[in-house]
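Visitor: pasting a predicted model and its sequence here:
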Amino acid sequence: MEELKEWCHLIPKIELHAHLNGSIRDSTLFELAKVLGEKGVIVFAAVEDVIMKSGRSLPECFQLFDLFHILATDHETVARIAKEAIEDFAAENVVYIELRTTPKNNESKGMTKRSYMEAVIKGLRAIETVSVYFLNTDDSTDNSIEAIPTNDIHGAKKKNIYVRLLLSIDRRETTAAAMETVDLALELKDLGVVGIDLSGNPVVGEWNTFLPALTYAKEQGLPITLHCGEVPNRKEVQSMLDICPQRIGHACFLENEEWERVKSSKIPVEICLTSNLRTQRLESIDRHHFADLYKAKHPMVLCTDDPGLFSTSVSNEYYLAASTFGLSKGELIDLAQNAIEFVFASDGVKKALTDIIQAAKRELQ
Ligand code: 6MZ
């Protein structure tokens, strides 16, 4: 068991579904909560209980996110969280990540959606312990990219990681706010933004509110990924599939007819095993739709969702897939390699990632 865990750690991995504020380090969360507790903004003891709880309903998760947003309201903290999150993913041998986050306005802190994103990017620039390649100019679209150095998978040397950003539209937002996010994504394309996500509490908001912004994103050539079927909502799932998203996340409550559409259109699914289990989307992990999709050779990628919130890691998600569904080492590394096809970055980056995983295959197998 330990050997397989260690092996899952060594595989160069691709993370395509991780929320920035769900990736806060526990130690940072406690530190921030303590300071705000001392200032009387929150009651630290109450926070401690919520943070330490392991199984949470979906509504409880969203209460916790509201707390995270109180903790992370200034630019400096946002930059710190982004920096630490990427350091942690790189330490896991993640070689490419699309980190998603909701740009936030916060007048009292002088924060706009744009300045929030600038803080995230400042955090990426501040990373020294890992070599971070996040500018779109780090690659070119003509396939002539100079590949990032192949990681020493045993960890002796400085890690290398490609970082791209997805801007999330929160389901609580208005059409105008969602449009603002898409405009911002277009403005920040050269700074590593590669797409749009729709997330937030799945029982909140109406599809028609987000549709104009998502359609606009598609028209402008920005790929989109949608949290789809996190709760039963057939009408919404069908409307989501109607706009042909480039990827969908979770897909816990899809009926056969909808699965058929997903499968025939080969829409890649971002699979978050621990998250779905912890938020009680399924009775037990072996009942997860991963098994059916894997058997059908449907495109999918293993992701963490909120590694801080759910105390998981990308390696752990690979380990969980292997130990639950009986995947061999070779199958695990193929799973990592297959994910390259679904990234929103350029062909140059895809080629570089293929080289990295091929090299690891030769070394690990
Ligand atoms: C839906 C989720 C989520 O954007 O502030 N988020 N939305 N389902 C989930 N599964 C449990 N996990 C996270 O990161 C936190 C935000 O991401 C979304 C929520 O809107 C949450 O507030 P950012 O960096």
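Guide: The structure has been received and is ready for your questions. Numbers count the residues shown, from 1 in each chain.

Visitor: for Leu273, which non-adjacent residue is spatially closest?
Guide: In this structure, Leu273 finds its nearest non-sequential neighbour in Leu320, 5.1 Å apart by C-beta to C-beta, 6 or more residues apart in numbering. Where C-beta positions appear, they are placed from N, C-alpha and C, glycine not excepted.

Visitor: which one's the longest strand in the protein?
Guide: In the chain, with assignment by DSSP state E, the single longest strand is strand 160-170.

Visitor: close to the ligand, is that strand?
Guide: Yes - judged by C-beta under 6 Å from any ligand atom, strand 160-170 and the ligand are in contact via Ser168, Asp170.

Visitor: what strands line up against that strand, and which way round?
Guide: strand 94-101 (parallel), strand 131-133 (parallel), strand 193-199 (parallel) (DSSP bridges).

Visitor: nearest to Arg362, out of these?
Guide: With C-beta to C-beta as the criterion, Arg362 lies closest to strand 94-101 of the strands paired with strand 160-170, at 15.6 Å.

Visitor: quick one: buried residues of that closest one?
Guide: Neighbour counts over strand 94-101 (16 or more other C-beta atoms under 10 Å) mark Val94, Val95, Tyr96, Ile97, Glu98, Leu99, Arg100, Thr101 as buried.

Visitor: convert it to PDB, retaining C-alpha atoms only.
Guide: Output of strand 94-101 as PDB, limited to C-alpha atoms (Å, rounded to 0.1, in the frame of the first residue of the first chain):
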ATOM      1  CA  VAL A  94       1.900  18.200 -10.600                       C
ATOM      2  CA  VAL A  95       3.500  19.400 -13.800                       C
ATOM      3  CA  TYR A  96       0.500  21.300 -15.200                       C
ATOM      4  CA  ILE A  97      -2.300  22.900 -13.300                       C
ATOM      5  CA  GLU A  98      -5.400  24.900 -14.400                       C
ATOM      6  CA  LEU A  99      -6.100  26.700 -11.100                       C
ATOM      7  CA  ARG A 100      -9.500  28.200 -11.000                       C
ATOM      8  CA  THR A 101     -10.700  31.100  -8.900                       C
END
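
Visitor: mean confidence for it?
Guide: The predicted model assigns strand 94-101 a mean pLDDT of 98.

Visitor: and the stretch 251-365 of the chain, which residues reach the ligand?
Guide: Counting by C-beta under 6 Å from any ligand atom, the stretch 251-365 of the chain sits next to the ligand at Ser275, Thr279, Asp305, Asp306.

Visitor: kindly recompute the last result at 8 Å.
Guide: Contact residues, the stretch 251-365 of the chain versus the ligand (C-beta under 8 Å from any ligand atom): Cys272, Ser275, Thr279, Asp305, Asp306, Leu309, Phe310.

Visitor: which one (most neighbours) among those residues?
Guide: Cys272 (30 neighbours; other C-beta atoms under 10 Å).

Visitor: mind checking pLDDT for the closest residue in space to it that isn't next to it in sequence?
Guide: Spatially, and ignoring its direct neighbours in sequence, Cys272 is nearest to Asp305 (3.9 Å; C-beta to C-beta, 6+ apart). Note on Asp305: pLDDT of 98.

Visitor: next one: Cys244
Guide: Cys244 is given a pLDDT of 98.

Visitor: I'd say it and Ser265 touch.
Guide: Yes - here Cys244 reaches Ser265: they are 6.8 Å apart, a contact under C-beta atoms under 8 Å.

Visitor: name the residues that touch the helix-or-strand element of the chain with minimal mean pLDDT?
Guide: One helix or strand of the chain scores below all others by mean pLDDT, DSSP states H and E: helix 44-52, with a mean of 74. Helix 44-52 has contacts (C-beta atoms under 8 Å, 6 or more residues apart in numbering) with Asp26, Leu29, Phe30, Ala33, Lys34, Leu36, Gly37, Glu38, Glu60, Gln63, Leu64, Leu67.

Visitor: got phi/psi on the nearest residue in space to Val95 that is not next to it in sequence?
Guide: Take Val95 and drop its neighbours on the chain: the residue closest to it by C-beta to C-beta, 6+ apart is Pro12, 4.4 Å away. When read as degrees, to the nearest 10, the backbone of Pro12 gives phi -70, psi 130.

Visitor: could you pull up the residues touching Pro12?
Guide: Contacts of Pro12 were listed using C-beta under 8 Å, 6+ apart, and they are Asn93, Val94, Val95, Asn151, Ile153, Ala336, Leu353, Ile356, Ile357, Ala360.

Visitor: hmm, which two among those residues are most spread apart?
Guide: The span of those, defined through C-beta to C-beta, is set by Ile153 and Leu353 at 14.1 Å.

Visitor: if we can go back for a sec, farthest-apart pair in the buried residues of strand 94-101, please.
Guide: Farthest pair in the buried residues of strand 94-101, by C-beta to C-beta: Val95 and Thr101, 20.2 Å.
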